[in-house]
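[1] Here is the input, now give the coordinates:
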Amino acid sequence: MTKEQTRVRGFAARAGGWSARHRWAAVGIWVLFVVATMVLGSAVGTVEVKDSDQLKGETHTAAKIAEDAGIEEPAGETVLIQSKNGSVKATDTEFRAAVDEVMKAVEATGKVSDVRSPYDTQTISEDGRSALVQFDMRGASDTAGERVEPVLNAVEKVQRNHESLRVEEIGGASMMKTFDDAFGDDFQQAEYSAVPVALGILLIAFGALVAALLPVLLAITAIMATMGLMGLASHVQPMGDSASSVMLLVGLAVGVDYCLFYLRREREERAAGRDPQTALRIAAATSGRAIVVSGVTVCVAMAGMLFTGLAEFEAMGLASLMAVAVAMVGSVTVLPALLSLLGERVEKGRIPFLRRKGGDGNDQSRFWTAVLKGVLAKPVVSVVVATGALLAVAAPAVGMKTQNLTLDQEFGDSLPIVQTYTRVNEAFPGGSDPAEVVVKAGDINAPEVKAALADFRAQAISSGASRGPVEIKLHDAQNIAFVYVPLVGGSDLDKAGESLDKLRDEVRPATLGKVAGVQAPITGQVAGSSDFNDQLVRSVVPVFGFVVVFAFLLMLLSFRSLTIAITSIVLNLLSVGAAYGILVAVFQHGWGASLVGAEGVGAIISWLPLFLFVILFGLSMDYHVFVVSRIREARLRGRSTNEAISHGVVTTAGVVTSAAVIMVAVFAIFGTLSMQSMKQMGVGLAAAVLIDATIIRGVLLPAVMALLGERNWYLPRWMNRLPDLSHDDVPDAAPEQDVREHQPVKV
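    Numbering: from 1, shown residues only. Now for the predicted structure:
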């Protein structure tokens, strides 16, 4: 690699230079872009992901049949009436009276329809001590939680009249309301608290209010612009709530990180004696370039989610990709303009007790200097110990068990409705989450179809897949029938999955499968979990392959080193593996689970491993690209490899630590939520970022590079024909104490 002293190359350097020269134009364009995207996004609205598009396989087919027929299933509700001490049975007068009171009370609210008595539907438990009153909520199912409160109050009033019985309601609407009340504000507060937490950490890092506000403000405006873009993009790729939450997390993390990298370098150069214009140009050519390389790599990683075939993942991937791209562009365009406008005023609002010596924010870390001294003195020992530790942490991941969490796994027994869910499943295995067979025929009332439905009902029970009762609901006008089959196994998804397999592989082919022209896909929670897992398994290879291959190519072209590209991938995989191991150890095996409130979960939610891989592989590149860029820059200026490693790691320790602390703090907020899926995501992300910023970047990376020596910069001769994205720009000569760094050298 050769170096030309003054030639400006690369998008980041040119963008930074233009913005610094046209400050108000750059700021104005950015503000116009943010406002325009928000206005346009709001004007066109957001298209939500449909149920029929959520999954592939039978779940998708079943939802599509109902959607095409114009059938929207109402939110079903169930009232459990159960003897508390077992002394009262369903045949007793008091029990019958309670059933009648429940039916009259819910009907009187005017909010329900199709109220069904357990004596008609045979929803009475085998021991005769429990029964289910079933009904549907009027109106759209997705808003039923907003209308269910009068029904819940009516059921509670009946409960007060029968002390010897439990009278408890559960269903889609009541669960929706309970969770919104219990966790909606909690989750929203976690999202809102992420910004002040990031600002507080930046205040400590910079010691100045204006400098701390810049990254937060730019991240927020990038998120606002992305929200508008999501509305526009949703007309091509429908979006969901999860996409918005993930976009906010990723957008805040990378937006703050990129500005932090840029701002710290600009302050460092000014503190070293350079004039503001030169300092800004150097920051654009160095940190700006690292931001572009990192941003493109993160975008590639996020794009991996587009290969899952799962609508929610595709939405999350596209939303995150846009957030990263907007934050990246903003960091290398509007940030230089703001820094040029502010000049020395970026130090305004100094906090006295946080004032740092020299004020440059680049004080070399004594801790990391000491650590690196040991690492570089004994690199073999460092590699063996660090790799061994990471592999030991990753080891539990070998036995990872993934599934869609059941209600009791997701929320524990802290909510009364979860206890009701458990009681319903104990008395009626699978009754709270039955399998649903959507039967479509040319004539649903044809004799052969009716006979097949009757046979299916009978064989579902005789096969051992269900203990009944199997309910059939006909929609004559659309020639569709819904068959509800409580699965043996109930909330135990492994056993319920075996029952589902019997229905799909044995019962259906022997009954409905024999009637020509009949479709009978099976859906429901258990089927959805099974189909989701199957789809995830099929997408693992293409997603992993796409992310790893393209990340490798980007690193190869950006650093012009085969060695750097390979080590980057290996180190990131080690980081992700360690995060998997921690997740399995805590949430599946329960090691230290009490510390995070995760006792008794026993599994990892299905979507998390693939999600974590994509997110972590992308975010970890932030640190990696930044540190390696600084090492490479020092090497190109004439330092030996070991000196360059020491210089690169120590001088970036402050900014990497600050960025990591922000990410860990924001992700840890989600680890405090009561929902186990959010807790798993928060703990997994926080642990991985912490490992990445310490063991990987502080120990393993410098030790590996020290062992490789000059081979770090190896590029086979035939690869010289590959496109060159390195853009090696050496800043102008430094002050006298730094002259040695600026001697061009061939590597």
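[2] pLDDT of stretch 173-193, averaged?
    Stretch 173-193 shows a mean pLDDT of 74.
[3] Quick check: end-to-end length of it?
    Terminal residues of stretch 173-193 lie 29 Å apart, using Cα to Cα, to the nearest Å.
[4] Tell me which stretches of this structure form strands.
    For the chain, the strands defined by DSSP state E cover 76-83, 112-116, 130-137, 165-171, 402-403, 435-440, 471-475, 480-485, 522-523, 604-605.
[5] and the closest residue in space to Leu503 that isn't next to it in sequence, how many neighbours does it have?
    Closest residue in space to Leu503, ignoring its immediate chain neighbours: Ala465 at 5.1 Å, by Cβ to Cβ, 6 or more residues apart in numbering. The way it works is simple: take the backbone N, C-alpha and C, and place the C-beta from them, glycine included. Residues within reach of Ala465, counting by other Cβ atoms under 10 Å, total 26.
[6] ok, Ala465 - contacts?
    Listed by Cβ atoms under 8 Å, 6 or more residues apart in numbering, the contact partners of Ala465 are 485, 487-488, 499-500, 502-503, 507.
[7] give me that answer again for 6 Å
    Taking Cβ atoms under 6 Å, 6 or more residues apart in numbering as the criterion, Ala465 is in contact with 499, 502-503.
[8] With pLDDT, distance to Lys84 and neighbour count added, can I get those in JSON lines?
    Shown next, in JSON lines, are these (pLDDT from 0 to 100; distance: Cβ to Cβ, whole Å; neighbours: other Cβ atoms under 10 Å):
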{"residue": "Ser499", "pLDDT": "89", "distance to Lys84": "30", "neighbour count": "27"}
{"residue": "Lys502", "pLDDT": "90", "distance to Lys84": "35", "neighbour count": "19"}
{"residue": "Leu503", "pLDDT": "91", "distance to Lys84": "34", "neighbour count": "24"}
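[9] now, which of those residues lie within helices?
    Secondary structure from DSSP state H places 499, 502 of the contacts of Ala465 in helices.
[10] Can you add distance to Leu556 and give the contacts of Ala465 back as TSV?
    Formatted as TSV, the contacts of Ala465 follow (distance: Cβ to Cβ, whole Å):
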residue	distance to Leu556
Ser499	50
Lys502	51
Leu503	50
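[11] how much space between the residue of the chain positioned farthest from its centre and Ser117?
    Here the centre of the chain is the reference, and by Cα atoms, centre = their mean the most remote residue is Thr93, at 52.4 Å. Taking Cβ to Cβ, to the nearest Å as the criterion, Thr93 is separated from Ser117 by 15 Å.
[12] got it, and Gly412?
    Going from Gly412 to Ser117 by Cβ to Cβ gives 33 Å.
[13] Same question for Arg508.
    Per Cβ to Cβ, Arg508 is found 30 Å from Ser117.
[14] Name the residues of the helix ranked longest in the chain that are buried.
    Counting residues, the longest helix found in the chain (DSSP H) is helix 525-559. Applying a neighbour-count criterion of 16 or more other Cβ atoms under 10 Å, one finds 525-533, 535-536, 539, 543-544, 546-548, 550-559 buried in helix 525-559.
[15] Also stretch 586-597?
    Across stretch 586-597, burial judged by 16+ other Cβ under 10 Å covers 586-588, 593, 596.
[16] Turn those into a markdown table, including distance to Pro609.
    Putting the buried residues of stretch 586-597 into a markdown table (distance: Cβ to Cβ, whole Å) gives the following:
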| residue | distance to Pro609 |
| --- | --- |
| Val586 | 14 |
| Phe587 | 12 |
| Gln588 | 12 |
| Ala593 | 18 |
| Val596 | 18 |
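[17] Pick out whichever of the residues you listed sits closest to His235.
    Using Cβ to Cβ, Phe587 is the member of these that sits closest to His235, with 37.5 Å.
[18] coming back round to it: CSV please, covering the strands of the chain and showing mean neighbour count and distance to Glu67.
    Listed next are the strands of the chain as CSV, based on neighbours: other Cβ atoms under 10 Å; distance: least, Cβ to Cβ, whole Å:
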stretch, mean neighbour count, distance to Glu67
strand 76-83, 24, 18
strand 112-116, 16, 21
strand 130-137, 24, 18
strand 165-171, 23, 22
strand 402-403, 20, 27
strand 435-440, 25, 11
strand 471-475, 16, 13
strand 480-485, 22, 11
strand 522-523, 24, 12
strand 604-605, 24, 26
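[19] Surely Val586 touches Ser594?
    No. Contact between Val586 and Ser594 fails when scored by Cβ atoms under 6 Å: they sit 9.9 Å apart.
[20] Could you single out the nearest of the contacts of Ala465 to Ser629?
    Nearest to Ser629 among the contacts of Ala465, counting by Cβ to Cβ, is Ser499 at 55.4 Å.
[21] so how far is Ala460 from that closest one?
    Distance, Ser499 to Ala460, using Cβ to Cβ: 9 Å.
[22] Pull the most distant pair out of the buried residues of stretch 586-597.
    Largest separation among the buried residues of stretch 586-597 by Cβ to Cβ: Gln588 and Val596, giving 13.1 Å.
[23] just so I know, which of the strands of the chain lies nearest Leu263?
    If you check each of the strands of the chain against Leu263 by Cβ to Cβ, strand 604-605 wins as the nearest, at 36.9 Å.
[24] which residues are contacting the closest one?
    Under Cβ under 6 Å, 6+ apart, the answer for strand 604-605 is 400, 402, 405, 583, 587, 677, 680.
[25] what does stretch 85-105 give?
    With contacts defined as Cβ under 6 Å, 6+ apart, stretch 85-105 is touched by 79, 81, 115, 124, 128-129, 131, 133, 154, 158, 162, 164-165.
[26] Hmm, Ala303 and Val547 touching each other?
    No. Val547 is beyond contact range of Ala303, at 8.1 Å (criterion: Cβ under 6 Å).
[27] Ala198 reaches Val256, doesn't it?
    Yes. Between Ala198 and Val256 there is a contact under Cβ under 6 Å: 5.5 Å.
[28] between these two, who's got more neighbours?
    Comparing Ala198 with Val256 by other Cβ under 10 Å, the one with more neighbours is Val256, at 30 against 25.
[29] Looking at the more buried one now. What's its pLDDT?
    For Val256, the model assigns a pLDDT of 84.
[30] which stretches of the stretch 601-747 of the chain form helices?
    Remark: helices assigned in the stretch 601-747 of the chain by DSSP state H, counting those that start in this stretch are 608-636, 641-671, 676-691, 701-708.
[31] right, and those - which one's nearest Gly388?
    Closest among these, using Cβ to Cβ: helix 701-708, at 12.5 Å.
[32] State the mean pLDDT of that closest one.
    Averaged across helix 701-708, pLDDT comes to 91.
[33] From the contact counts, what lies against that helix?
    helix 366-377, helix 379-394, helix 641-671 (3 or more Cβ pairs under 6 Å, 6 or more residues apart in numbering; DSSP states H and E).
[34] quick one, which of the ones you listed is packed in tightest?
    Highest mean neighbour count of those: helix 641-671, a mean of 23 (counted as mean count of other Cβ atoms under 10 Å).
[35] Let's test this: name the helix or strand in the chain with the lowest mean pLDDT.
    Least confident element among the helices and strands of the chain, by mean pLDDT, DSSP states H and E: helix 51-54 (a mean of 63).
[36] Report how many residues lie close to Val44.
    Using other Cβ under 10 Å, Val44 has 13 other residues around it.
[37] cool, Thr91 as well?
    Thr91 has 10 neighbours, counted by other Cβ under 10 Å.
[38] so what pLDDT did it get?
    On pLDDT, Thr91 comes in at 89.
[39] separation between it and Phe367?
    74 Å.
[40] Please apply the same query to Arg289.
    Remark: distance between Arg289 and Phe367 (Cβ to Cβ) = 28 Å.
[41] And for Pro434?
    Per Cβ to Cβ, Pro434 is found 58 Å from Phe367.
[42] likewise Phe428?
    60 Å.
[43] What residues does Gly343 make contact with?
    Taking Cβ under 6 Å, 6+ apart as the contact definition, Gly343 lies against Pro276.
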